[in-house]
Structure formats: structure tokens, C-alpha cells
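[1] Attaching a predicted model along with its sequence, questions to come.
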Amino acid sequence: MEEVDLIIVGGGVVGLACARETARPGRTVCVLERHPRLGTETSTHNSGVIHAGIYYPRGSLKAQLCVEGREALYRFCETHGVPHRRCGKLIVARPEDDDARLLDLLARGRANAVDDLEIVDQAFVARLEPAVAARAALWSPSTGIVETEALVRALHRDASDREAITLPAMPLIGGAVDDGGAWLELRTPAETIRTRAVVNAAGLYADEVSAMLGGASFTIYPCRGEYAELVGVSRGLVTRPVYPLPPLSGEHLGVHVTPTTWGSVMVGPTTRYQADKRDHEADRLPVEAFVEPTRRLLPTIRAQDVRAGGTGIRAKLSPDPAAFSDFLIERDTRQPRLVQAAGIDSPGLTACLAIARRVSTLVDEVLR
Ligand SMILES: Cc1cc2nc3c(=O)[nH]c(=O)nc-3n(C[C@H](O)[C@H](O)[C@H](O)COP(=O)(O)OP(=O)(O)OC[C@H]3O[C@@H](n4cnc5c(N)ncnc54)[C@H](O)[C@@H]3O)c2cc1C
């Protein structure tokens, strides 16, 4: 039977970032990914926004790791040639929106050490984004966009350069404890591998992976986000992410427009909890549902400027759309050889390198 020091379950941005961070001479690190290609689940089905860290409760892991991870991600993208743009973002207030809500966001961001935020007027917005309707806005210069597929490839390359091994098309299907807890045995369809530590970075399936390995019991609630896209010349109407004020109803950020590094413009995502973790397409919203929210930001948009786009499924730790749930990053309470990196919904893309640093410290504890 193969023996390794560390197995990371999941080859998305979190698992791959953990692989490059934990790999070191004399330690065998192995990533199991059930799909034939890396990063094909949530890591490449999202808005591709490098978030500044404005929205999350002060002191939460999301707030800390977003701010820390954002700067680490910009450095990584520069060093590894990953297409990205530090283009800034506008959160716009319409005539009927209360200034208190902009001020509240400004205060929340500052509490999280996002120290470059500014409230700006209509003239400032018009200079940056002439097609956007706004009475005022919160300007976040450190927000950006990144090409997610290129990020996955670069993380994989860097992890491989540090001699972490990735095994695609290799699902974890079961586990057992061996030698009075000194080893975990991880079963795949091809072989059983003995390991001294496991990182659970299985995204939507982190609850199932935790259960397979005798770890803590929790539930991942899949929450679908749907997108539309702007077509034709309307794609030239925005050059940076433009968001509305977050709806008063809850945690999600409101349907926004986000240009990509390759020139398309996404509209969305919406928010809908569903039972199925795999279902990206059933009961899709009609494309018309995106027209009005887009017009609130870009008033000249017509119905024919919008077509259906992709979807992504968030891995949420709470079934309540209005409740805040933090990342779960800890050494497991029931299975001491297991480190959880679960409930990694937004801003997990932004935070992946900072999450990996936390995970790496916990892995060192397990392997000590
Ligand atoms: C609609 C939407 C918009 C978002 N927008 C943003 C954004 O703009 N900015 C941002 O920072 N974040 C955003 N996010 C969040 C971000 O995409 C996620 O936080 C991030 O991709 C999580 O990465 P991951 O590696 O944990 O998950 P995943 O990419 O899902 O990776 C987990 C991997 O584990 C594998 N796996 C599962 N079970 C097993 C098993 N038994 N054996 C082997 N492998 C297994 C899966 O196949 C998968 O590849 C968004 C998310 C969504 C859904």
C-alpha cells in the first residue's frame, strides 16, 4: 500500500493552493481530484472577482482571509502570469437609496482594514463609467478581476514544481483509521493510500468527505447562482465591476455586472438554494429576469442585449440566505488527522492563498 504524509481531497483553487503551501522537501503531498480535470467545479464557475473585503463581519475568517488573500493573489498573478486587472469596483446608490447605507458599507470595509474606500459623487462615476446610473457610489480601488481557469493552471503548475502530486480522476470513496489512529487509509477505485494527515477541500462535497473519514458532522447546502451575459456592443458599456447596494434582505451582494479579463460581461449571480449539488440547469430563470436588474445599473440596456450565461453552485454552511456563515478552517474535533477547509463560498477564490496558509499551520501540527 502507498504511504504518503498528506492527502488533500479536492483539486479546486483551495486544494491546489493548500498543495503548494504545504509541499516541502521530504514531505509527500498528494491531491485527489475526482474529475479528469482540475478546478472544473466552483473554482471556474464564479464571478472571478478579487474582492476587497468590504462585506463580511469584523473579525470573521472571511474578512481576515479576504484582505490577506487578495494581496497575496495579486502578487501570485503577477509572478505567475495569470491574467488579472486591479480595476476597482463601484457600489452604486440610486436616487432612492439612503446615504446611510453607503456610509454603513464604508464603515464595515474600514473595520475590516480595507483602508482605500471612498464615497464618490455622480461626476466621479460618470468619469469612470459613463453608462452607469448613480447618484453616488462607494469606490473600492483594490477590487479586481482574474481569469479563473488560468489561476487553476498556475496553482497546479506551482504545486507540481514544489513536488506535490496531483491525481485527477481519482475520487475518494471511503476511509478507515489504522494502527490506533497513527494512519488514515483512504480508498479510491484504483488503490488504498495510507496517510498521516488529510485536508478536506472537497467544496460542495466536504460534508460527505468529512463523514467518510470519521470527521465532524456538518451539512453543505448547495446554493445556485445563475448568470446572464451582455452581447454585442453593450459589452463595451462597463470596464469594471459595478454592484448595486446589497439587498436589505440578506447576505448576497445583489445582481451585478462584471467584465471578464477576456472581454465578456457577466450579469448575476442570482441566489437559489436547491437540493441537488450537481444540477446547474433545471428550472433556469428566463433571461428576461436579468433585464430589469441590469437596467438599474445600465439604463440603456435593452432586452436583446442580454442572453443566458453560466451558473455556479455555492457551498454554504447555512440554509438561511440571510444568515452569515463563516469558513470552517480547523483541525477536526473528532478526527485529529483531518484538517477542514469547508464552507468555502465567496470570497473563497480571493482568499484561497490565505486559506492555504492557515491550513498549512494546522497540517504542521498534525504532522509534528
Ligand atoms: C456563483 C458564484 C460566484 C462566486 N464569485 C466569487 C467571486 O467573485 N470571488 C470570490 O472570491 N469567490 C467567489 N465565489 C466563491 C469561489 O468560487 C469558491 O469559494 C471557491 O471556488 C472554492 O474553491 P474550492 O476549491 O473550495 O471548491 P471547488 O472548486 O468546488 O473544488 C472542490 C473540488 O473537490 C472535488 N471533490 C469533491 N469530492 C471529492 C472526492 N470525494 N474525491 C476527490 N475529489 C473530490 C471536486 O470535484 C472539486 O473539484 C463564487 C462562487 C459562486 C458559486
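    Right, received. Where do you want to start? This one's a predicted model, so the numbers in the text were calculated from it and none came from an experiment.
[2] Any regions of the chain where pLDDT drops low?
    The model of the chain has pLDDT under 70 over residues 249-251.
[3] Those residues of the stretch 251-368 of the chain touching the ligand, which are they?
    269, 312-314, 344-350 (Cβ under 6 Å from any ligand atom). To be clear about C-beta, it is placed using only N, CA and C from the backbone, and glycine gets the same treatment.
[4] Nearest to T261 among the residues you listed?
    Closest approach to T261 among those (Cβ to Cβ): L349, at 13.5 Å.
[5] The closest one is in what secondary structure piece?
    helix 348-367 (DSSP states H and E).
[6] which strands and helices sit next to that helix?
    strand 2-9, helix 13-22, strand 49-50, helix 61-80, helix 148-161, strand 192-200, strand 328-331, strand 338-342 (3 or more Cβ pairs under 8 Å, 6 or more residues apart in numbering; DSSP states H and E).
[7] Are the longest one and the ligand in contact anywhere?
    No. Using Cβ under 6 Å from any ligand atom, helix 61-80 never reaches the ligand; the gap is at least 7.3 Å.
[8] how far is that helix from where the chain is centred?
    Put simply, helix 61-80 sits 12 Å off its chain's centre (Cα atoms, centre = their mean, to the nearest Å).
[9] Just list what that helix packs against, helices and strands only.
    strand 49-50, strand 84-85, strand 144-146, helix 148-161, helix 348-367.
[10] If we use 10 Å, what do you get?
    Where contact means 3 or more Cβ pairs under 10 Å, 6 or more residues apart in numbering; DSSP states H and E, helix 61-80 is packed against helix 13-22, strand 49-50, strand 84-85, helix 99-111, strand 144-146, helix 148-161, strand 328-331, helix 348-367.
[11] which parts of that helix are buried?
    With burial defined by 16 or more other Cβ atoms under 10 Å, the residues of helix 61-80 counted as buried are 61-70, 72-74, 76-77.
[12] which bits of the stretch 101-250 of the chain sit near the ligand?
    Taking Cβ under 6 Å from any ligand atom as the contact definition, the stretch 101-250 of the chain meets the ligand at 171-172, 201-205, 209, 225.
[13] Next, format those as TSV and append secondary structure and neighbour count.
    What follows is those, written out as TSV (DSSP: H, G, I helix; E, B strand; the rest coil; neighbours: other Cβ atoms under 10 Å):
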residue	secondary structure	neighbour count
P171	coil	17
L172	coil	24
A201	coil	32
A202	coil	31
G203	helix	28
L204	helix	21
Y205	helix	20
V209	helix	26
G225	strand	22
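[14] on that earlier part again, list just the nearest of the buried residues of helix 61-80 to W183.
    Closest to W183, out of all of these and judged by Cβ to Cβ, is L61, at 29.5 Å.
[15] what sits against the single nearest residue of the stretch 201-350 of the chain relative to the ligand?
    In the stretch 201-350 of the chain, the residue that lies nearest the ligand is G348 (2.0 Å; Cβ to the nearest ligand atom). Going by Cβ atoms under 10 Å, 6 or more residues apart in numbering, G348 touches 12-14, 17, 42-43, 46, 51, 62, 65-66, 69, 201, 203, 314-315, 327, 341, 355.
[16] Closest one to A176 out of the buried residues of helix 61-80, please.
    For the buried residues of helix 61-80, the closest approach to A176 (Cβ to Cβ) belongs to L61, at 30.6 Å.
[17] Now do the same contact list for the nearest residue to that closest one once chain neighbours are set aside.
    Nearest residue to L61, sequence neighbours excluded (Cβ to Cβ, 6 or more residues apart in numbering): F327, at 4.5 Å. The contact partners of F327, taken as Cβ under 10 Å, 6+ apart, are 14, 56, 60-62, 64-66, 317, 340-345, 347-348, 351, 355, 358.
[18] Wait, V363 touches C18, no?
    Yes. Between V363 and C18 there is a contact at 7.9 Å, judged by Cβ atoms under 10 Å.
[19] Of the two, give the one with the bigger neighbour count.
    C18 (31 against 26; other Cβ atoms under 10 Å).
[20] wait, isn't that one in contact with T166?
    No. C18 lies out of contact with T166 (Cβ under 10 Å); the separation is 11.7 Å.
[21] who touches both of the two?
    8, 29, 31, 159.
[22] Show me which of the residues you listed is closest to A133.
    Nearest member of the shared contacts of C18 and T166 to A133, counting by Cβ to Cβ, is A159, at 44.2 Å.
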